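Colleague: Output the structure for:
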Amino acid sequence: MSSFDNSMQTFESYLDIGYDQKYRPQFHFTSRKNWLNDPNGMVHYDGEYHLFFQHNPQGTPWGNMTWGHAVSTDMVRWTQLPHAILPYDEGTIFSGTALVDHDNTLGKQPVRQGSPRQSSGQAGQAGDVKTLVAFFTFAKYPYGQSIACSTDKGRTFTLLNDGKCVVPNQGLIDSDRDPKVFWHAPTKKWVMVLYVQTGIARIFTSENMQDWTLASDINREGFHECPDFVELPVLDADGTPTGETRWLLYDARFECSIGSFDGASFSIEETFSKSDLGPSFYAAQTFSNSPDGRTVIIGWMRESNFVEQDMPFNQQMSFPCTLELRQDREGIRLCRQPIREIETLYKATHAFEAVTADALAPQLADIDAELLDLSIAFAPGQDLALNMRGIDITYDGKANTFNSESCKPLPAHPVDGNIALRALVDRGSIELFANEGSAVATSYVLPAPENTSIQLSGDADIRSLTVHELESSWGGAEG
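Modeller: Predicted coordinates:
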C-alpha cells in the first residue's frame, strides 16, 4: 500500500523563519524557506483561497518536488500550512489542478455524524464538507497522472487508489504532465487537458474522474507544459459583458490562444504570442471555483534567485491579477490587472493632476516609499522618464513604447487621448501594466534597499499621477 514519504514533512522547521529579511518580498507570496516554483491546485472553497505550489521541503535549489500549501481569505495575506502532497514510491509530485467535488463524484465526502442511516449501520448521508480533489503528475518515469483527496478543507490529503495513475503515460514522451481538470456543465463531464509533447495538448473526458477517454488533440506550434484552459466572458472596451464568451488556452510561457470548445475539441481562432513581455512570468494558473465570477491568475516569477542574497527562501509568485478579454476596434485583447484587494494594503496615497514633471519633482522628493502601487496617465507623443527605487522606465513618444532594462519594449498606444501605466514595486520585483493591462511585463528586480525614491522627468503633459505606499502583507503572519 502506497503512502507518503513523511521524511519530506519538514514544515515544523519553518516556524522559526519570519518575513522580515532584507530582501523578503512584502506583498508577493514566498515560502517561509526553501525553493518554490509553479503554482498548483489553485482553488477557492468555504471562504479560503488555496495556493499549492511546487516546493523543495529540504533546500533552496529545485528538487524533491512536493506540493507546498498556503491559504488566504483575500489572495493578499497568506498563511503557509504544512506541505500538502508528499512524494511516494520513489516518485515526486509535479504540477496539477485542485477542484471541489461538489456532487461527490468520487464518493469520498465524509458521512454526516449522527445521520439516521449511520446509526442503523447503513451508509450514512454525506456531510456538508466537500472533498477537495487534486490531480497531479506522478513524476516517476514514465510519468502518469494521479489523484489525492482531502476531506478536511485541504489540511490533509490521502492518495486515491494508492496513488496509481488514472491516466497513464501516453507514449509520446516519458514526461507528459501537468493535468488541468474542470467540470464542463453543458456535456456533464469532467475534462482534462494534458501536455503530452511539444506542440500537443491532449483532451480527455470522464464521468467519474477515474476512467478517462481520449477526446482530441490540440495542435499548436511550440506549445509547452503547464496548460490552463478557462472560459472567459468577452467585455467591451468599457468592461461591460457583450454576452459572448471565448475559451482561453495558454501554456507555461503564457502563449495564449482563444477559440471555442464543445466539451471535446478546441477550435483556435487567434493566438497571442508574448502575452507577458517580462522575463519572469511562467507556469501561471487560475483559481477554480471562484466565488465572485472573476478569473484570477498567479504565475511563478522565475529566476528570482534570492539565495544569491543569502535569503532562507528562493523564488516568488507574481501578484494575483484578474484575467479578462476585451473587445475593441482592433479585435479581442487579453488584459491583466492587479486584483482590487491590493487596496487593503494602502497606507498612504499621494495624488497629483494636470502638472509637469518639473513641477512634481519637489513633491515626489518628499515621498519615501519602499513598496509602491503607482499609476500615471499623460498625453501621447511625448517622452517621459520615471525612476522608482533606482529602476528606470522610459516612454518613447514616437515608438509608443515603455522601455526598461528588465523587459522587452511594452507597447502603449493612445487610448482616449491618454497613455497609461501602472507599476507594482516590491523588494524583489516590478510588474508593469500598460493601458489597463493590455500589455504587461513581469520582472525579477532587486532595488537597492536604501533607495526608496521616485523621480520623474521629461516633457510629457501629465494628466494624473497617483502613488500608493503599501504596507506589508505579512503583518499578521507568525514570525
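
Colleague: Q210 should be in a helix, yeah?
Modeller: No - counting by DSSP: H, G, I helix; E, B strand; the rest coil, Q210 is not part of a helix but coil.

Colleague: got the contact list for it?
Modeller: Going by C-beta atoms under 8 Å, 6 or more residues apart in numbering, Q210 touches 106, 147, 160-161, 166. Placement of C-beta: from N, CA and C, glycine included.

Colleague: try it again with 7 Å
Modeller: V166 (C-beta atoms under 7 Å, 6 or more residues apart in numbering).

Colleague: What of I85?
Modeller: Here I85 is in contact with 66-67, 93, 134, 136, 148, 157 (criterion: C-beta under 7 Å, 6+ apart).

Colleague: nearest to S2, of those?
Modeller: Nearest to S2 among the contacts of I85, counting by C-beta to C-beta, is A148 at 10.8 Å.

Colleague: Could you pull up the contacting residues of that closest one?
Modeller: Applying C-beta under 7 Å, 6+ apart, we find A148 in contact with 85, 134, 136, 157-160.

Colleague: Send me stretch 19-28 as PDB with only the CA atoms.
Modeller: Taking Å, rounded to 0.1, in the frame of the first residue of the first chain, the C-alpha atoms of stretch 19-28 are listed here in PDB:
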ATOM      1  CA  TYR A  19       9.200  37.600   6.900                       C
ATOM      2  CA  ASP A  20      11.500  40.500   7.800                       C
ATOM      3  CA  GLN A  21      14.600  39.600   5.900                       C
ATOM      4  CA  LYS A  22      16.300  42.400   3.900                       C
ATOM      5  CA  TYR A  23      15.100  41.100   0.500                       C
ATOM      6  CA  ARG A  24      11.900  39.300   1.500                       C
ATOM      7  CA  PRO A  25       9.100  40.400  -0.800                       C
ATOM      8  CA  GLN A  26       6.400  42.100   1.300                       C
ATOM      9  CA  PHE A  27       3.300  41.700  -0.900                       C
ATOM     10  CA  HIS A  28       4.300  38.800  -3.100                       C
END
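
Colleague: Verify the stated contact: I203 with T213.
Modeller: No - using C-beta atoms under 7 Å as the test, I203 is too far from T213 to be in contact (9.8 Å).

Colleague: Just want to know which of the two has more residues nearby.
Modeller: Remark: of I203 and T213, I203 carries more neighbours, 22 against 11, as counted by other C-beta atoms under 10 Å.

Colleague: can you map out the helices along the stretch 351-479 of the chain?
Modeller: Applying DSSP state H, counting those that start in this stretch to the stretch 351-479 of the chain gives helices spanning 357-365.

Colleague: can you map out the strands along it?
Modeller: Along the stretch 351-479 of the chain, the segments classed as strands by DSSP state E, counting those that start in this stretch run 372-378, 384-388, 391-396, 401-404, 407-411, 419-426, 429-434, 439-444, 454-458, 462-470.

Colleague: what does the stretch 201-350 of the chain give?
Modeller: 213-219, 228-235, 241-250, 256-261, 266-272, 281-286, 296-301, 313-314, 316-317, 321-328, 331-338, 346-355.

Colleague: right, and the ones you listed - which one's nearest D366?
Modeller: Closest approach to D366 among these is made by strand 346-355 (8.5 Å; C-beta to C-beta).

Colleague: between that closest one and strand 372-378, how big is the angle?
Modeller: 10 degrees (axes from the mean of the first three to the mean of the last three C-alpha atoms, to 10 degrees).

Colleague: tell me the angle strand 346-355 makes with strand 462-470.
Modeller: Between the axes of strand 346-355 and strand 462-470, defined by the same axes, to 10 degrees, the angle is 170 degrees.

Colleague: Mind listing the strands strand 346-355 pairs with, and their directions?
Modeller: Applying DSSP bridges to the sheet, strand 346-355 is found paired with strand 462-470 (antiparallel).

Colleague: which parts of the partner strand are buried?
Modeller: 462-463, 465, 467-470 (16 or more other C-beta atoms under 10 Å).

Colleague: Just the closest of those residues to S438, please.
Modeller: R463 (18.2 Å).

Colleague: and the chain, what are its domains?
Modeller: Dividing the chain into domains by automatic domain parsing, as the record does, gives the ranges 6-338, 346-470.

Colleague: could you list every residue that touches Y250?
Modeller: Contact analysis of Y250 by C-beta under 7 Å, 6+ apart lists 228, 256.

Colleague: try 8 Å this time
Modeller: 227-228, 256-257, 275, 284.

Colleague: same deal with K408?
Modeller: K408 neighbours (C-beta under 8 Å, 6+ apart): 274, 277-278, 441.

Colleague: Then N6?
Modeller: With contact set as C-beta under 8 Å, 6+ apart, N6 has these partners: L86.

Colleague: what comes up buried for stretch 442-456?
Modeller: By neighbour count on 16+ other C-beta under 10 Å, the buried set for stretch 442-456 is 442-447, 452, 454-456.

Colleague: residue contacts, R32?
Modeller: 14-15, 17, 19, 80, 312-313, 479 are the contacts of R32 under C-beta under 8 Å, 6+ apart.

Colleague: And the helices in the stretch 1-150 of the chain?
Modeller: 116-119.

Colleague: so where is it shaky, pLDDT-wise?
Modeller: 113-125 (pLDDT under 70).

Colleague: got it, and the stretch 251-400 of the chain?
Modeller: For the stretch 251-400 of the chain, no stretch has pLDDT under 70.

Colleague: make it 80
Modeller: For the stretch 251-400 of the chain, residues meeting the criterion pLDDT under 80 lie at 329.

Colleague: residues of stretch 133-140 that come out buried?
Modeller: Using 16+ other C-beta under 10 Å as the test for burial, stretch 133-140 gives 133-139.

Colleague: for those residues, which one is nearest L172?
Modeller: Nearest to L172 among the buried residues of stretch 133-140 is T137, at 14.5 Å by C-beta to C-beta.

Colleague: shouldn't the closest one be in contact with G144?
Modeller: Yes - judged on C-beta atoms under 8 Å, T137 makes contact with G144 at a distance of 7.5 Å.

Colleague: before we move on, the earlier item: from the contacts of R32, which is closest to D89?
Modeller: Using C-beta to C-beta, Y14 comes nearest to D89 of these, at 25.5 Å.

Colleague: Nice, that's everything, thank you.
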